[in-house]
Every structure is written in C-alpha cells, then in structure tokens.
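> Here you go, sequence then predicted model.
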Amino acid sequence: MKGLYIDGAWVAPHGTDALDVLDPTTEQAIGAIRLGDAEDVDRAVRAAARAFPRWSRTPERERLGYVREIGRLVAAHADELTELIVADLGMPRAMAREAQVGAPAEIFMMAAELAEGLSVPSHPPGAAANTLVVREPAGVVGAITPWNFPLQEIAAKTAPALAVGCTVVVKPSEVVPLAALRLAELIDAAGLPAGVFNLVPGTGPVAGAALAAHPLIDLLSFTGSTATGSRVAEPAGRNVTKTALEMGGKSPCVLLDDASLEPAVRDTVTNAFFNSGQTCDALTRLLVPRTRLPEVEKLAVAAAEANTVGDPRDEDTTLGPLVSGRQLDRVRRYIDRGVAEGARLITGHRALPARGFFAGPAVFTEVPAGAAVASEEIFGPVLCVQAYDDEDEAVELADATPYGLSAAVWSADRERASRVARRIRAGQVHINGAGFDLGAPFGGFKHSGHGREGGRYGLEEFTQPKALLGGAET
C-alpha cells in the first residue's frame, strides 16, 4: 500500500485512513492507497517552501535537465503507465497510450524547451527606455488534479511549474491514483532535490481543502468541476493566493448550413464520446440548421451505434466503462431527466456487459430550451442535437450555458467558420475538425474558470512579472 511522497521520500501518512482502488471494468479492487490529511498537506507545503529558494535559483540548464529527464522516464515507461490507466480509469488501451501517457511525456519536454531564456530580462513596449521586466517563479504551487486525465493534468501543472523554478505539492485524485503514484516514483528517479515535488493522495474535502487554504501556497492550480473549483477558490481568496481554475464545460459544435455533414457529425460524436464522455471539453451539443436536422439525426445515430462498448483491453473497444458506480448513476439520472423534460432519445438502449460501470452511447434530439441535458455537464457519453434557424441563433445557442471552455465550428468556408468562432465565448474553438494542440492555451470563459494551461501561456501562468525600473542602460 503506497504512502505519501514528501520532501524527497516516501513517508507514512499522519492518519490511518485508506481507500481501495477499483477496476471499473470488473468492479474488483486492484490496490489500495493511504490517504493524507491536513497535517500531511502541511508537511508537504512546508517542504516545498523550504526547497523553493534554492530551486528557484538553480541554473536554468540544470533545472530544465531535470524536467527533460522526467519526460524521458515517462516515455520510457509508457507501456507500464498505460496499463495502470486502463486498469484504474477504464480507457481503451490504444487511446490511453496516446492521450494519457504520450501527451504527458510531451508536456514535460515542451515545458523545458519553452522555458529556455524565459528569465532573460526584456524591455516592455511603452515603458521607459531604462525599464526591464523579468519573469520570476510564482513560488510554491498547490496542484489539485482530476481523475479523468490523471497523468496529463499533473504534467500540465507540474512541468511548467518546475521548469520556471516553482516547487510543487500535488493532490491527485483518490479515485484514479495508481498512475499518479507511479509518476511520483519516476520523478524521484529523476533525482530532483528534496521538497521540489511532493504528492499527497487524499480526499478533496480533507487534503484538497487543506491545500487550498494553506497560507504558504503562492499559486493554486485546480482542474475539476465548477462546484468544487468555487469551493477551493474561497479559502485561497482569503489568503490572497493566485488561482488558476480549469473547470466544467458544455461545449457546442456548430454546423453551418454549408458544412459537409458526414465528416462533421462523425468527428463530433467521436469527440463527445472520447474517454466515455468523461472530458471537460467534450463537444456534447451538436447545433445544426433546422432544415438538415433529420439527416444529422440519422448520421449521429449511426456514428454513436458504431461504437463498441466493452473491456478496454480488447482491441475493438472504443468505449470503456465510466470511472465509478457513482459516475454511472449520475449519467443514468441525466438520461432519465432528459426524457422527463421532453427530449427525444433516439439511441441509447443497447445491451451492456453485466459487470462493470458501463453506459451505452446516448443521443438526444428535440431538446427543449433550458433542459438540463443541454445546459449542465453530464460527464458521460451523452450527445444533444439542437436545431437553429439562422447564424445569429446558432451563436446564441452556443453561448446558452454558464460554461465557455471549448467549442467547434464547421463550414465549407474557413473564413466564415473563423468569423463565427470568434463570436462564441469559449477558450478554444476547433475549426473544421482541427485537433487538440498541447502548445495552445487551454482554459475557459465564464463558469469554466480562468487562467490557462498549455504552451507558452501555460508556462507564464506560473510566473510573476517584476519591473526593474532603471535596470537598463540608456
């Protein structure tokens, strides 16, 4: 049973609480973890605070060498980490290897590359000729990460933080902890100085709350639901802690009247059901011209029913189980609610494996305005098709939720698609099926949060600009 990684060593937690880890495919226990509490979080934060002065002054080349070594180790252990993800989360193996393991390795490498020269003073436009600006590490970073991308979200916060000179305390998801614990072993193998990276598994109400409220945290980076993000922001705000919150989404895909329907619908369904719909930026609302609704409905049903639901270890499986029985109950409640609210379920009644937390792909159409299935984040394989009459109504529908994380637009005219994309209030808009870009800024508007991850923007999130007035010769 794993302990906690604090100050460069594996240590026993303060308390005795433990938690079984279940394989969502079999519902059987595949391990157990020991849970940290507020005292453990305090130990980890103080270790990170002690390590920060020296780490922040470590020469850039040496510091980035550590970051690259972590990326190399993640890539070298890709097979092992993939199997942990498959067993812990239930994502199909081929998808897990690319998205859940390949991407984190790339994030560490990219962070090291982008951080080169970041600390070199620059002259800001509009400032006095003798003014320079330097970017300095924000300090001790508290990172609270979700269960749907257990490695990628740790990498998205840890890699840039370490690269710019911050120290880190991670509270990973207790639901899917095995890959996070293995990552901590790899980071330890990379040889980072004690206290630079710390991992404290624990529950959100205990360990997560303690991390958010700790007065020695300089920056709190959170990914999770909007409700939880709002809760952790309150104690952070009382300490005037800088926060970066990446929260929920209910992302629309707008098919304009000149779009080629078959590739657009197929791509949207694939996106909506990726990771069994357990993705914050999933395109779960398909907005289509009213005159083309019948054709879109047929295409959406065909694309949804083409999925193979089953064991994520089978090569043919495209939809594995949901992460837990609790998540399965949530999805079922939303489907029942959608029917009760008057939406028409046009697919979603297939036979499923008798054991495991499986949900079949579901597609709703004729969804009433304001229905919960079209405005609230479900986090399961559920797609809503909605019709509009003109472009203005399409944009209005796209923005008709509290969220603004992601969106998509399809059109035969790329300039038209780009124009509509700029009208939608979302942090990212995919045009004509453009894929995810690890180097692009990722984050949201409205209740989807603030702050950005990814590329140079994500790197700068972990820094503070300092003006050196009179620092340059004139």
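Good, I have the coordinates. Just so it is clear, the model here is predicted, and its values are computed rather than measured.
> Where does residue 118 fall, secondary structure wise?
For residue 118, there is no helix or strand it lies in under DSSP states H and E.
> Residues in contact with the helix or strand of the chain with the lowest mean pLDDT: which ones?
Of all regular secondary-structure elements in the chain, judged by mean pLDDT, DSSP states H and E, the least confident is helix 93-95 with a mean of 92. For helix 93-95, contacts defined as C-beta atoms under 8 Å, 6 or more residues apart in numbering pick out 82-83, 86, 274-275, 312-313, 315. Backbone N, C-alpha and C define where each C-beta goes, glycine included.
> residues in contact with the residue nearest to the spatial centre of the chain?
By C-alpha atoms, centre = their mean, the mean C-alpha position of the chain lies nearest to residue 153, the distance being 5.4 Å. Contacts for residue 153 (C-beta under 8 Å, 6+ apart) come out as 145-146, 223.
> so can I have JSON lines of the residues you listed showing pLDDT?
Supplementary listing: the contacts of residue 153 in JSON lines, determined by pLDDT from 0 to 100:
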{"residue": "145", "pLDDT": "98"}
{"residue": "146", "pLDDT": "96"}
{"residue": "223", "pLDDT": "97"}
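> Among the residues you listed, which lie within helices?
Cross-referencing the contacts of residue 153 with the helices (criterion: DSSP state H) gives no overlap at all.
> for those residues, which one is nearest residue 163?
Using C-beta to C-beta, residue 145 is the member of these that lies nearest residue 163, at 17.5 Å.
> Quick check: closest non-adjacent residue to the closest one.
residue 153 (4.2 Å; C-beta to C-beta, 6 or more residues apart in numbering).
> Mind listing what's buried along stretch 149-161?
Taking 16 or more other C-beta atoms under 10 Å as the neighbour-count basis, stretch 149-161 is seen to contain the buried residues 149-161.
> scratch that, stretch 252-259
Judged by neighbour count using 16+ other C-beta under 10 Å, the buried positions of stretch 252-259 are 252-256, 259.
> Quote the end-to-end distance of that stretch.
Taking C-alpha to C-alpha, to the nearest Å, the span from the opening residue of stretch 252-259 to its closing residue is 15 Å.
> contacts for it?
Here stretch 252-259 has contacts from 261, 264-265, 268, 271, 283, 285-289, 291-292, 296, 391, 394-395, 397-398, 407-413, 416-417, 420, 424, using C-beta under 8 Å, 6+ apart.
> out of these, which are inside strands?
If you go by DSSP state E, the contacts of stretch 252-259 have 283, 285-289, 407-410 in strands.
> check which helix or strand covers the closest residue to residue 268 other than its chain neighbours.
Nearest non-adjacent residue to residue 268, counting by C-beta to C-beta, 6+ apart: residue 253, 4.5 Å away. Taking DSSP H and E as the definition, residue 253 sits inside strand 251-255.
> tilt between that strand and strand 406-410?
Comparing the axes of strand 251-255 and strand 406-410 via axes from the mean of the first three to the mean of the last three C-alpha atoms, to 10 degrees yields an angle of 10 degrees.
> Partner strands of strand 251-255 and their direction?
strand 283-289 (parallel), strand 406-410 (parallel) (DSSP bridges).
> closest to residue 442 out of these?
With distances scored as C-beta to C-beta, the stretch of these nearest to residue 442 is strand 406-410 (8.4 Å).
> rewinding a little: of the buried residues of stretch 149-161, closest to residue 200?
The shortest approach to residue 200 among the buried residues of stretch 149-161 belongs to residue 154, at 12.4 Å (C-beta to C-beta).
> got the contact list for that closest one?
By C-beta under 8 Å, 6+ apart, the contact list for residue 154 reads 104, 143, 145, 170, 172, 180, 183.
> Regarding residue 339, what is its secondary structure?
When classified by DSSP: H, G, I helix; E, B strand; the rest coil, residue 339 comes out as helix.
> Contacts only, for it.
Residues counted as contacts of residue 339 (C-beta under 8 Å, 6+ apart) are residue 345.
> circling back: using PDB, write out every CA atom in the helix or strand containing the residue nearest to residue 145.
For residue 153, the element it lies in under DSSP H and E is helix 152-164. Output in PDB follows, covering the C-alpha atoms of helix 152-164 (Å, rounded to 0.1, in the frame of the first residue of the first chain):
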ATOM      1  CA  GLN A 152      -1.900  14.700 -18.200                       C
ATOM      2  CA  GLU A 153      -3.300  17.100 -15.700                       C
ATOM      3  CA  ILE A 154      -0.400  16.500 -13.200                       C
ATOM      4  CA  ALA A 155       2.000  17.100 -16.100                       C
ATOM      5  CA  ALA A 156       0.200  20.200 -17.300                       C
ATOM      6  CA  LYS A 157       0.700  21.800 -13.900                       C
ATOM      7  CA  THR A 158       3.900  20.300 -12.700                       C
ATOM      8  CA  ALA A 159       6.000  20.500 -15.900                       C
ATOM      9  CA  PRO A 160       5.700  24.300 -16.400                       C
ATOM     10  CA  ALA A 161       5.900  25.000 -12.700                       C
ATOM     11  CA  LEU A 162       9.200  23.100 -12.300                       C
ATOM     12  CA  ALA A 163      10.600  24.500 -15.500                       C
ATOM     13  CA  VAL A 164      10.200  28.100 -14.400                       C
END
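> how far does it sit from the chain's center?
Centroid separation for helix 152-164 versus its chain: 12 Å, with C-alpha atoms, centre = their mean, to the nearest Å.
> Give me the domain ranges for this protein.
In terms of domains, the chain is parsed into 4-247+448-468, 251-438 (source: automatic domain parsing).
> I'd like those as TSV, with distance to residue 474 appended.
Rendered in TSV, the data for those read as follows (distance: least, C-beta to C-beta, whole Å):
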stretch	distance to residue 474
domain 4-247+448-468	5
domain 251-438	40
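> So which residues of the stretch 1-150 of the chain form helices?
For the stretch 1-150 of the chain, helices defined by DSSP state H, counting those that start in this stretch occupy the ranges 38-57, 60-76, 78-89, 93-95, 103-115.
> That'll do, ta.
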